[in-house]
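Engineer: When you get a sec, could you give me coordinates for this:
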Amino acid sequence: MKLARTIALAVEGRLYPSVILHGGSEATRLASAITFARALLCERPAGERPCGECRHCRRITLPELSGEAAETFHPDFLWLVRDLKTSISAEATREMLRSAQLSPYEARGQVFVIAEAASLSSEASDALLKAIEEPGLKSPRNFFLLCPSRLDLSPTLRSRSLAIYLGAAAAMPQAALEAVASGFRASVERFVAGGGGLWLLDAAARLDPVGKRSKTELEALRKRRAAAAAPDGEQVDELDGFEDPRAQRPWLFAAAAVRLAAVGFGDGPPPEPALRRRMLALAEELLNSSPLRLRGIPADRILEGLVCRHFTG
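Structural biologist: Down below sits the predicted model:
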């Protein structure tokens with residue numbers, strides 16, 4: 001179903017209780033959730049929703065913006081974000097869902113947003129499913145599950161929800177891809193030509209174009225992306241690092257860079273066939289690195305291990 005039509009259903013009060021917002025960028029998913037919440041809770045007549053100006057609309061915003069762009073929080077608009085390193089705990093989920101057992105404080109309904117639904121633990125997913133299946137009170141309540149792909153969620157959650165596709169993710173920045181691919185290939189070729197193992201470690205390090213960032217830098221980036229997710233916010237196109245073990249985009253970027261190194265770009269010829277096969281095999285394994293990431297293994301160690309495995313065998 002198209003986004004515009006679904007928002008119209010929200011305005012009319014006929015939206016499905018649970019909606020999956022998948023695809024697009026993280027900022028797109030967050031902005032869409034805010035738009036839906038305003039359409040559901042706006043106090044204006046149906047034909048004027050969401051107005052963006054009433055006391056409800058003004059206070060429906062990202063938690064990161066409260067105190068800056070928002071007057072205060074809205075008690076009937078609740079966010080659930082990841083509280084553990086790799087998952088959303090059942091405890092945090094149940095804490096949020098306690099509000100679903102109460103009547104709205106101010107608005108005519110309640111909106112619950114699970115910002116990283118793909119990271120729900122199995123127990124947290126079961127708790128959420130139970131809340132979705134339970135009949136609501138007299139007032140409506142709506143759940144929005146945000147994730148890169150609906151396939152990241154359990155089959156039972158998908159079967160109980162309406163999925164809205166927000167489009168393809170933002171394209172990888174070509175200039176950055178070419179720079180990383182060029183550096184990676186040069187280091188690998190130095191190793192193959194007789195250089196020491198340090199060249200493989202250098203090749204692995206080059207797959208992270210961001211490098212280590214301080215907590216201050218990460219906090220600033222988070223706030224810029226939160227501002228971009230607000231309606232009419234400017235798009236923030238900055239590369240992701242490997243700080244978040246659940247993040248997929250840096251691994252997609254690394255795989256794309258290795259593939260680019262394998263097929264060649266610009267005026268340079270592709271690498272010799274044997275080396276090309278190794279690079280393509282590495283790119284494929286980078287895409288399937290999720291089990292290693294979720295064990296808590298540092299990203300740089302995973303990159304080093306995979307690169308060494310494919311070029312020393």
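Engineer: Can you get me a residue count around L252?
Structural biologist: 16 (other Cβ atoms under 10 Å). Quick note: C-beta positions are derived from backbone N, CA and C, even for glycine.
Engineer: what do you get for K212?
Structural biologist: 10.
Engineer: And the strands in the chain?
Structural biologist: Along the chain, counting by DSSP state E, strands occupy 18-22, 77-80, 110-114, 141-147, 162-165.
Engineer: okay, those strands, which one's buried deepest?
Structural biologist: Mean neighbour counts were taken over those using mean count of other Cβ atoms under 10 Å, and the top value, a mean of 27, falls to strand 110-114.
Engineer: List the pairing partners of that strand within its sheet, with orientation.
Structural biologist: Neighbouring strands of strand 110-114 in its sheet, by DSSP bridges, are strand 77-80 (parallel), strand 141-147 (parallel).
Engineer: picking up where we left off before, identify whichever of the strands of the chain lies nearest to S32.
Structural biologist: S32 sits nearest to strand 18-22 of all the strands of the chain, at 5.3 Å, using Cβ to Cβ.
Engineer: could the strands paired with strand 110-114 go into TSV alongside distance to H22?
Structural biologist: As requested, those are exported to TSV (distance: least, Cβ to Cβ, whole Å):
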stretch	distance to H22
strand 77-80	16
strand 141-147	5
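Engineer: Export these to TSV and append columns for mean pLDDT.
Structural biologist: Output for the strands paired with strand 110-114, formatted as TSV (pLDDT from 0 to 100):
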stretch	mean pLDDT
strand 77-80	92
strand 141-147	94
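Engineer: which one of those lies closest to K130?
Structural biologist: strand 141-147 (11.7 Å).
Engineer: Identify the residues contacting that closest one?
Structural biologist: 10, 15, 17-22, 26, 29-30, 33, 36-37, 40, 100, 109-118, 128, 131-132, 153, 157, 161 (Cβ atoms under 8 Å, 6 or more residues apart in numbering).
Engineer: Show the pLDDT at the residue lying farthest from the centre of the chain.
Structural biologist: Distance from the centre of the chain peaks at G194, with 40.9 Å (Cα atoms, centre = their mean). Predicted confidence (pLDDT) for G194: 91.
Engineer: In the stretch 201-313 of the chain, what residue spans correspond to helices?
Structural biologist: Secondary structure of the stretch 201-313 of the chain (DSSP state H, counting those that start in this stretch): helices located at 215-229, 249-263, 273-287, 290-293, 299-312.
Engineer: right, so of those, which gets closest to P148?
Structural biologist: Closest to P148 of those is helix 249-263 (Cβ to Cβ; 8.6 Å).
Engineer: Dump the strands of the chain into a markdown table; add distance to R295 as well.
Structural biologist: Listed next are the strands of the chain as a markdown table, based on distance: least, Cβ to Cβ, whole Å:
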| stretch | distance to R295 |
| --- | --- |
| strand 18-22 | 25 |
| strand 77-80 | 24 |
| strand 110-114 | 24 |
| strand 141-147 | 21 |
| strand 162-165 | 30 |
